[in-house]
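*Asks:* Sequence plus predicted model, see below.
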Amino acid sequence: MNKKLQWLLVCITAICLLVPGTSFSAEKKLKVAFALLWTIDDQGWTTGHYRGIEYLREKMGDQIEVAYTEKVRAADAERVFRGYAEKGFDLIFGTTFEHMDALMRVAKDYPNIRFEHCSGYKTSPNMGNYFTRMYQGEYLAGYMAGLMGFKNVGTVATQPIPEPIRGINAFTIGLIKGLDEAGVQYDSDKLNTVVWLKSWRDPIKETTLAETLAARKHDLIRQMADTPDTSKAACAAGVPAIGYGTDAALAGADCTLVSSLFNWGPYYVETVKAVMDGTWELRQYWKGFEQQGIQLSPFGSKVPQDVQTKVIAEMEKLSQGEDHIFAGPLYDQDGKVLYAQGSSASDSDLLSMRVLIKGVKGNIPQ
Amino acid sequence: MRLRLEKRYTKPQNEQLLIAVISFGLALLVGSIIFLIYGANPFLAYGVMFQGAFGSSLGFTEVIVKAIPLMLTGLAVAIAATMLLWNIGCEGQFVFGALGATWAALYLTPDWPSYSVLPALIICGAAAGMLWALIPAILKAHFQVSEILTTLLLNYVAIIIMDHLYFGPWRDPDGMGFPGSALFPDAAALPRFFDSRIHLGLFLAIAATIVLHILLRHSKWGFRIRVIGKGPMAAQYAGMKVNREIIRVMLISGALAGLAGMSEVAGIHLRLQEGLSVGYGYDGIIVACLAGFRPKMVPIFALVLGGLIIGGEQLQSSMHLPASIVQVLEGALLLGFLASEALLRFRLRIITSSSPSPSTNNA
């Protein structure tokens, strides 16, 4: 029986061999590949990158050939990158943190191919990294919430690492600014209560945490996860929400006041052009509104016009490159000075931030 | 007219061949339907898959790389199933194997002579997998708690423990606060062969296959556990110590899954990080089922499943089909296996009112 089974496998093999593979056109186009963390319709991180890919195709589709692979986890990353490198791709993007080491290894073996890694910290001569200053959008969302008088926000945070911590702080800074401008009294020990998913996406737990926060009478619920389920649960509980990453209102959370959006497209176009012109060079790209790296979604209908105007004015400043969000005086949760008047957090402080500021309730789980 | 399932008392001669044909036939059929729905030519799609998996040396070596953990977890499921134990917990034991190896690489052996590092990793990986399998083993042997439930649920516990370690105490101090342990020292990386990513784990998996085959088919112990699998009560009457064998077999199973985790973390990732646990423990169940729970067939089906996964990836980059098709095909394979097994054990009879049933007096 064993022999027969082998024979069967040989037959299947033979049938498959008879079918010709795909052929590529001989035309010389720049070949660009993306490895994606999850599926392109995940309504979160990967959808954000896919929007960027679509933007790239729209702008330069006639000059380049674009391929992507979904669901590339760390276990498969090196193979996927090596496969694209072997197929002669000129520019390869790893779009999530867990691609970093695999990309480093492959970049070393293919010095003539350009590699770009999103959201990490390692680079090599032919591998740059890129990220967007999402905290600027979070700051604006906080500012809007403050102007509208929300002073008991509940946040469903993701992983207790610098990027979300930075976002929580920026939101809280904006919230305080907004409340001060609106002249609202508040308790500065519990402006923004944080609970942790300890995951980037976990729709069930997001829903549970959002429902819990709503039941505890928080007046606004802020989503930080990849998936829009926090916002959806908040809407279902009758509490307004703030979305993150992609527009939560488009995903069905119609009570969303605003969402801060990743906008990778302009960066992808810029990088592809640089490789085409031969001007690509190693850099650690970290930009916000000044390069349209992020956007705000359209405001929800409950946001008053004057608030919208103020938030847009603040956004204009950021677009001009005036980012003073983390300027002192800033205090930690115990009231100790983190940055005195006149000083502010450097980029390297921001990138390794592991402290929550005054106004945030909750702690960083270890 | 009615349909009725009747038990068959004779087994078809080439049962395993039939099962394989039906399973793969069903999977190919389901796949074809999906390809058609997406407007793709199924022949072309299967051609792309096959070329992706076996059409280049990169593809083929990567199929083998994929097959390494699948072989080990497949063996783990198969050895337990021989005794009618369902170890659904290979994923957790896999994670623990990775934890044991990481601990050995980063905290136990940094000052050891380099020749002793890999043996330490292998032993720690296997031991950690055994440790995680010991809990359901004891619960099953002494308290008759279903191992299906305990092994499955402990998977989630293992993953939470792993998350905690690389977010917390084991986080790389130079990692800018990002999750993940430090990179392993060079001495703790499994050697790679054939100018590819094929690593030492392959030879561990092959050795494990041979040893298990010999033990099961040609030793008294193998006979004992096969007897226990066929009839635990009879084995008990015959004076076999069933509880002791339950624990022993679960430990072997856990050690194999632990070795899979060790070989992944020390052969592929070189650090403990997110994306380590991607379901090799569950895929091992499919491999073991298709192999009919016989160790010598496990490597073949591990290669087949590995080929399916690697080839399926090409569907996206070449034909822009969604990634999840591979999972659907995997599911169809397992479903096909279950269906074909049922069909071989039972026969479907169509009973019309004019032809009274010959064997029984009711229905």
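*Replies:* Received it, and whenever you're ready, just let me know what you need. Numbers count the residues shown, from 1 in each chain, chains lettered A, B, ... in the order given.

*Asks:* Give me the neighbour count for whatever residue of the stretch 151-300 of chain B ends up closest to chain A.
*Replies:* In the stretch 151-300 of chain B, the residue found nearest to chain A is B:Gly275; the distance is 2.9 Å by CB to the nearest CB. Quick note: C-beta positions are derived from backbone N, CA and C, even for glycine. Per other CB atoms under 10 Å in any protein chain shown, the neighbour tally for B:Gly275 reads 19.

*Asks:* That one in helix, strand or coil?
*Replies:* For B:Gly275, the secondary structure call by DSSP: H, G, I helix; E, B strand; the rest coil comes out as coil.

*Asks:* Give me the spatial nearest neighbour of it, chain neighbours excluded.
*Replies:* What sits nearest to B:Gly275 in space, not counting adjacent residues and going by CB to CB, 6 or more residues apart in numbering or on different chains, is A:Ala74, at 2.9 Å.

*Asks:* got it, and A:Ala85?
*Replies:* A:Tyr110 (4.6 Å).

*Asks:* count of neighbours near the one you found?
*Replies:* 18.

*Asks:* what do you get for B:Ser219?
*Replies:* When counting by other CB under 10 Å, one arrives at 11 neighbours for B:Ser219.

*Asks:* Could I get the pLDDT score of it?
*Replies:* At B:Ser219, the model reports a pLDDT of 90.

*Asks:* related to what we said a few turns ago, where's the residue nearest to A:Ala85 relative to A:Glu65, distance?
*Replies:* Counting by CB to CB, to the nearest Å, the gap from A:Tyr110 to A:Glu65 is 18 Å.

*Asks:* Tell me, domain by domain, which residues of chain B belong where.
*Replies:* Per automatic domain parsing, the domain ranges recorded for chain B read B:1-38+B:323-357, B:61-321.

*Asks:* Pretty sure the residue nearest to A:Ala85 sits against A:Gly83.
*Replies:* No - A:Tyr110 lies out of contact with A:Gly83 (CB atoms under 8 Å); the separation is 11.7 Å.

*Asks:* Including distance to B:Tyr46, could the domains of chain B go into JSON lines?
*Replies:* Formatted as JSON lines, these follow (distance: least, CB to CB, whole Å):
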{"stretch": "domain B:1-38+B:323-357", "distance to B:Tyr46": "7"}
{"stretch": "domain B:61-321", "distance to B:Tyr46": "8"}
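
*Asks:* Who does the closest residue to A:Arg216 other than its chain neighbours form a beta bridge with?
*Replies:* Spatial nearest neighbour of A:Arg216, chain neighbours left out: A:Gly154 (7.0 Å); criterion: CB to CB, 6+ apart. Here A:Gly154 sits in beta bridges with A:Thr193, A:Ile221, as judged by DSSP bridges.

*Asks:* quick one: low-confidence parts of chain A?
*Replies:* A:1-27 (pLDDT under 70).

*Asks:* how about the longest helix that it contains, does it reach chain B?
*Replies:* For chain A, the helix with the greatest residue count under DSSP state H is helix A:162-182. Yes - legend: contact between helix A:162-182 and chain B by CB under 8 Å from any CB of the partner chain is shown at A:Pro162.

*Asks:* A:Pro240 against A:Gln223, yeah?
*Replies:* No - with contact defined as CB under 8 Å, A:Pro240 does not count as touching A:Gln223 (11.4 Å).

*Asks:* These two: which is more packed in?
*Replies:* Using other CB under 10 Å as the criterion, A:Pro240 and A:Gln223 rank with A:Gln223 on top: 30 against 22.

*Asks:* ok, that one - contacts?
*Replies:* Contact analysis of A:Gln223 by CB atoms under 8 Å, 6 or more residues apart in numbering or on different chains lists A:156, A:206, A:210, A:229-231, A:234, A:241-244, A:248.

*Asks:* From chain B, how far out is the closest residue to it other than its chain neighbours?
*Replies:* Nearest residue to A:Gln223 in three dimensions, chain neighbours excluded: A:Thr230, at 3.6 Å (CB to CB, 6+ apart). Going from A:Thr230 to chain B by CB to the nearest CB, to the nearest Å gives 20 Å.

*Asks:* Give me the phi and psi for A:Thr230.
*Replies:* Dihedral pair for A:Thr230: phi -60, psi -50, per degrees, to the nearest 10.

*Asks:* okay but it is in contact with A:Ile221, surely?
*Replies:* Yes - between A:Thr230 and A:Ile221 a contact is recorded at 6.5 Å, counting by CB under 8 Å.

*Asks:* which of those two has more neighbours?
*Replies:* A:Thr230 (32 against 27).

*Asks:* which stretch of helix or strand covers the residue lying closest to B:Arg294 once chain neighbours are set aside?
*Replies:* Of all residues not flanking B:Arg294 in the chain, B:Ala78 sits nearest, at 6.9 Å (CB to CB, 6+ apart). Counting by DSSP states H and E, the element that carries B:Ala78 is helix B:57-82.

*Asks:* from the chain's centre, how far out does that helix sit?
*Replies:* 7 Å (CA atoms, centre = their mean, to the nearest Å).

*Asks:* Which residues of the stretch 51-200 of chain B lie near chain A?
*Replies:* B:51, B:54-56, B:58-59, B:62, B:65, B:163, B:167-168, B:175-179, B:183, B:197.

*Asks:* Report the separation between the residue nearest to A:Arg216 and chain B.
*Replies:* Note on A:Gly154: its distance to chain B, by CB to the nearest CB, is 22 Å.

*Asks:* So that residue is in contact with A:Val195, correct?
*Replies:* Yes - the pair A:Gly154 / A:Val195 is scored as a contact, 7.2 Å apart, by CB under 8 Å.

*Asks:* list residues touching both of these two?
*Replies:* Between them, A:Gly154 and A:Val195 share these contacting residues under CB under 8 Å, 6+ apart: A:Leu213.

*Asks:* Which one of those two is surrounded by more residues?
*Replies:* With neighbours defined as other CB under 10 Å, A:Gly154 and A:Val195 compare such that A:Gly154 has more, 25 against 18.

*Asks:* circling back to that earlier point, what sits against the residue nearest to A:Gln223?
*Replies:* Residues in contact with A:Thr230 (CB under 8 Å, 6+ apart) are A:156, A:206-207, A:209-210, A:221-224, A:241.

*Asks:* any chance of those residues in TSV, with secondary structure and distance to B:Leu70 too?
*Replies:* As requested, the contacts of A:Thr230 are exported to TSV (DSSP: H, G, I helix; E, B strand; the rest coil; distance: CB to CB, whole Å):
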residue	secondary structure	distance to B:Leu70
A:Val156	strand	36
A:Glu206	helix	32
A:Thr207	helix	34
A:Leu209	helix	36
A:Ala210	helix	38
A:Ile221	strand	42
A:Arg222	strand	42
A:Gln223	strand	37
A:Met224	coil	36
A:Ala241	strand	42
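
*Asks:* for the residues you listed, which one is nearest A:Glu181?
*Replies:* Nearest to A:Glu181 among these: A:Arg222, at 19.5 Å, using CB to CB.
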